[in-house]
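Student: Fold the following and give me the result.
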Amino acid sequence: MTEHPIPPFLKAFLVLALLALGMPVCAELSITRGSATTMASPAGNTVPEWIYTLKPGESFAEVAKDLLAATHSAGRLRQYNHIENSATLGEGDRVRVPLSWLKRQPNPARVTSVSGNVQLISGIDGRKKALTEDALVRVGDEVLSGAGAATITLADGSEVRLSPDSRLIFNRLTQYGKSGMVDTRLRLNRGEIHTRVKPVIEGGARFEIETPSAVAAVRGTAFALKAGAHGTHLQVTEGVVDFGTPNKTQRIPAGYSATVASSNGRQNKLNIRKMPPAPQINPLPKVLTQLPTEMTWEKGPATHYRLDVFETESGRWIESRKINGNQFDISRLDNGQYEIQLAVLGQNGMAGMPGILPIEVDLQARTATLLQPENGGSVNDDMPEFRWTLNGENEVARVEIAEDEAFRNLVATSEWAPETSALPSRPLSAGQYYWRVVTEAGGNSVATTQPRKLIVNGTLPPVRIISINYVDRQVRVFWEKVDTAANYRMQLAEEPGFNNVIKEATLPDTTAALRLIPGRRYFVRLKALSDGPLQSRWGPGRELYLE
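Tutor: Below you'll find the model as predicted:
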């Protein structure tokens, strides 16, 4: 496809003509990702177009199939571009596609984080269900936050953070084939959202958020939008936003806020203000290895601030609060990377430009020091108190109790807490146990003490025989398991008083096979043994008889 250069004087004339007609002059974007622009069609009409650059190995037919809606063919696209033989096209050649010809398909958003109570209302049947991480949000769906918050990522990577007590409706989520352009339209009925939008492509892409009193058309920016009974408030921290009542918007640049009051039967007025500058935050170490840590900022005329904490990877809204003074204790954060935003609160309650402090938390749990009970000690209480000291910062701990030193079977624990003593979660039967303390810091760093042996005084419960099976000349006896028993003692006698025991054995299992002489009567009984000094009394005897 041959391109003829346009003389400079003709270029200037065309630009002036477009300006005179009130038409936008659009810069062309990097050809590696294509661009949307407004060019003259073969018929002489002005048609918004997408210009696609062929990549290595791509053919015209493949591109047409990927980009065009079913109502438009590759042959028609070839005619539109005045291409006689599409086989001659190769890497670097450009193809013009009218925006109206592009394939469009719904492209759902994905929930990247949820904290607290947030509901998803289906746009199909109106059913409500709890919003969960990785859930898909489709056209017509609503997200309703109560005391919770959520972060939702759109198909193009744009991010919407929904604050508590908000209601957001997803009216349109459309993607134009593989062109990279999207058409996103949301409605914020109430509440607040913080949004970071990918740069939209001129001529076709669209990102709009409507409220009951205003509309915000976004071109690639970071901004916050708040809708309530008194109107809609916008804060732009990056880029620009076209904001105002429908069909009557003004361009609001970064560093400015704008408000549209709710309608009272009269024309709403757009009020634009320059936002207070960002506070000067004093630096902190890049990695925080202990919490709490004090965050401070330079004193100024302002005394009231708004502070928000976001998790960097997921965008999760961790905390939002109002602060008086010029210091804040950073605490109770798990290990990970965060972004803290601090802004001045004006007299109208609106926040200014945020100062941003990125931090990384990397806490390491330290092994606790065990105090009581002593190793190998004994207690008379079935709910003994366990005590220890913590050696790290911002740690939580719990006690774990098991029957074996490897802790394969926990019989009791305590709740995770920043305390240095605890009671077991249930009473402990008499017997021998092992206990230890596990500490945790930062949500993923764990330290565990060496185990200690503990004897709970008393007697083990008696052993009850469950059943007796006779097979040929063999008798098999089955009995109940005693949780704290290490072994069982069995006695066999020829009279019920067990004054003359003819066989006695220690067994690790809850079953045993006996060979008896047919025609004679026997009696069997069992008791439970522990690894320590505890044992049970003898259980009731059972008669055995082999015919």
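Student: Flag the shaky bits of the stretch 301-450 of the chain, pLDDT-wise.
Tutor: Residues of the stretch 301-450 of the chain that meet the criterion pLDDT under 70 lie in 348.
Student: ok, now the chain?
Tutor: The model of the chain has pLDDT under 70 over residues 1-48, 105, 177-181, 199-205, 263-267, 348.
Student: and the longest strand for it?
Tutor: The longest strand of the chain (DSSP state E) is strand 182-196.
Student: Direction included, what does the helix or strand following that strand pair against?
Tutor: Note on strand 182-196: by DSSP states H and E, the next helix or strand toward the C-terminus is strand 206-210. Next to strand 206-210 in the sheet, as set by DSSP bridges, lie strand 182-196 (parallel), strand 215-218 (antiparallel).
Student: now the strands: where do they sit in the stretch 301-450 of the chain?
Tutor: 304-311, 317-324, 327-330, 336-344, 355-361, 369-372, 377-379, 386-389, 396-402, 410-413, 421-422, 431-441, 445-448 (DSSP state E, counting those that start in this stretch).
Student: so what does the first one touch, helix or strand wise?
Tutor: If contacts are counted by 3 or more CB pairs under 8 Å, 6 or more residues apart in numbering; DSSP states H and E, strand 304-311 sits against strand 317-324, strand 336-344. Heads up, the C-betas are built off the backbone N, CA and C, glycines and all.
Student: got TSV for those strands, with mean neighbour count and distance to residue 462 too?
Tutor: Listed next are those as TSV, based on neighbours: other CB atoms under 10 Å; distance: least, CB to CB, whole Å:
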stretch	mean neighbour count	distance to residue 462
strand 317-324	15	55
strand 336-344	20	54
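Student: Could I get those strands in JSON lines, plus columns for distance to residue 294?
Tutor: Written out in JSON lines, the entries for the helices and strands packed on strand 304-311 read as follows (distance: least, CB to CB, whole Å):
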{"stretch": "strand 317-324", "distance to residue 294": "13"}
{"stretch": "strand 336-344", "distance to residue 294": "13"}
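Student: which one of those strands lies closest to residue 438?
Tutor: strand 336-344 (20.9 Å; CB to CB).
Student: what lines up beside the closest one in the sheet?
Tutor: strand 304-311 (antiparallel), strand 355-361 (antiparallel).
Student: For that strand, list the C-alpha coordinates in PDB.
Tutor: Included here for strand 336-344 are C-alpha records, laid out as PDB according to Å, rounded to 0.1, in the frame of the first residue of the first chain:
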ATOM      1  CA  GLY A 336       3.500  -7.300  52.300                       C
ATOM      2  CA  GLN A 337       3.600  -4.000  50.400                       C
ATOM      3  CA  TYR A 338       1.300  -1.100  51.100                       C
ATOM      4  CA  GLU A 339       0.500   2.400  49.900                       C
ATOM      5  CA  ILE A 340      -0.500   5.000  52.500                       C
ATOM      6  CA  GLN A 341      -2.300   8.100  51.200                       C
ATOM      7  CA  LEU A 342      -2.500  11.200  53.400                       C
ATOM      8  CA  ALA A 343      -4.500  14.200  52.500                       C
ATOM      9  CA  VAL A 344      -5.600  17.500  54.100                       C
END
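Student: got the contact list for that strand?
Tutor: Surrounding strand 336-344, the residues in contact under the criterion CB atoms under 8 Å, 6 or more residues apart in numbering are 276-279, 281, 295, 297, 300, 302, 304-313, 318, 328, 330, 351-361, 443.
Student: now that strand: how far from the chain's centre is it?
Tutor: Its chain's average C-alpha position is 18 Å from that of strand 336-344, according to CA atoms, centre = their mean, to the nearest Å.
Student: Let me see the contact set for the residue sitting nearest the centre point of the chain.
Tutor: With the centre of the chain defined as its mean C-alpha position, the nearest residue by CA atoms, centre = their mean is residue 113, 3.4 Å away. Applying CB under 8 Å, 6+ apart, one finds that residue 113 lies in contact with 133, 150, 151, 311, 314, 315, 316, 317.
Student: which of the residues you listed are buried?
Tutor: 150, 151, 311, 314, 315, 316, 317 (16 or more other CB atoms under 10 Å).
Student: which one among those residues gets closest to residue 160?
Tutor: Residue 160 has its nearest neighbour among the buried ones among the contacts of residue 113 in residue 151, at 7.2 Å by CB to CB.
Student: Kindly state the beta-bridge partners for that closest one.
Tutor: Applying DSSP bridges to residue 151 yields these beta-bridge partners: residue 113, residue 161.
Student: For it, give me its contacts.
Tutor: Each residue near residue 151 by CB under 8 Å, 6+ apart is listed here: 111, 112, 113, 114, 159, 160, 161, 162, 314, 315, 316, 317.
Student: cutoff 7 Å now
Tutor: The contact partners of residue 151, taken as CB atoms under 7 Å, 6 or more residues apart in numbering, are 112, 113, 159, 161, 314, 315, 316, 317.
Student: and if you look at residue 393?
Tutor: Residues touching residue 393, when contacts are defined by CB under 7 Å, 6+ apart, comprise 290, 291.
Student: Also residue 226?
Tutor: With contact set as CB under 7 Å, 6+ apart, residue 226 has these partners: 192, 232, 233.
Student: which is the next helix or strand following whichever strand or helix holds the last one?
Tutor: Right, residue 233. Assigned by DSSP H and E, residue 233 belongs to strand 231-238. On the C-terminal side of strand 231-238, the nearest following helix or strand under DSSP H and E is strand 240-245.
Student: May I have the strands that pair with that next one, each with its orientation?
Tutor: When DSSP bridges is applied, strand 240-245 pairs with strand 215-218 (antiparallel), strand 248-253 (antiparallel).
Student: which other helices and strands contact the strand holding residue 233?
Tutor: Strand 231-238 sits against strand 222-228, strand 248-253, strand 256-261, with contacts defined as 3 or more CB pairs under 7 Å, 6 or more residues apart in numbering; DSSP states H and E.
Student: Is it possible to get a markdown table of the contacts of residue 151 that adds distance to residue 168?
Tutor: As requested, the contacts of residue 151 are arranged in a markdown table below (distance: CB to CB, whole Å):
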| residue | distance to residue 168 |
| --- | --- |
| 112 | 15 |
| 113 | 15 |
| 159 | 13 |
| 161 | 10 |
| 314 | 18 |
| 315 | 15 |
| 316 | 16 |
| 317 | 14 |
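Student: Nearest to residue 262 among the residues you listed?
Tutor: Using CB to CB, residue 161 is the member of these that lies nearest residue 262, at 24.0 Å.
Student: right, and the closest one touches residue 192 too?
Tutor: No: when contacts are counted by CB atoms under 7 Å, residue 161 is not listed as touching residue 192 (8.9 Å).
Student: Quick one: residues contacting residue 425.
Tutor: Counting by CB under 7 Å, 6+ apart, residue 425 makes contact with 412, 413, 414.
Student: Sorry, wrong one. I was asking about residue 443.
Tutor: With contacts taken as CB under 7 Å, 6+ apart, residue 443 has the following neighbours: 334, 335.
Student: Going forward, the N-terminal residue is numbered 751.
Tutor: Sure, I'll start counting at 751 from here, so that last one is residue 1193.
Student: how close does it sit to residue 1166?
Tutor: For residue 1193, the distance to residue 1166 equals 11 Å [CB to CB, to the nearest Å].
Student: can you give me the helices for the stretch 751-900 of the chain?
Tutor: Using DSSP state H, counting those that start in this stretch, the helices of the stretch 751-900 of the chain run over 758-770, 810-817, 824-830.
Student: list the buried ones in the last one?
Tutor: To tie it back to what came earlier, the one meant is helix 824-830. Within helix 824-830, the residues that qualify as buried are 824, 827, 828, 830, counting by 16+ other CB under 10 Å.
Student: rewinding a little: would you mind listing which of the contacts of strand 1086-1094 are buried?
Tutor: By neighbour count, with 16+ other CB under 10 Å, those hold 1026, 1028-1029, 1031, 1045, 1047, 1052, 1055-1061, 1068, 1078, 1080, 1101-1105, 1107, 1109, 1111 as buried.
Student: what's the neighbour count on residue 974?
Tutor: 22 (other CB atoms under 10 Å).
Student: make that residue 1095, sorry
Tutor: Summarising burial for residue 1095: neighbours were counted as other CB under 10 Å, giving 18.
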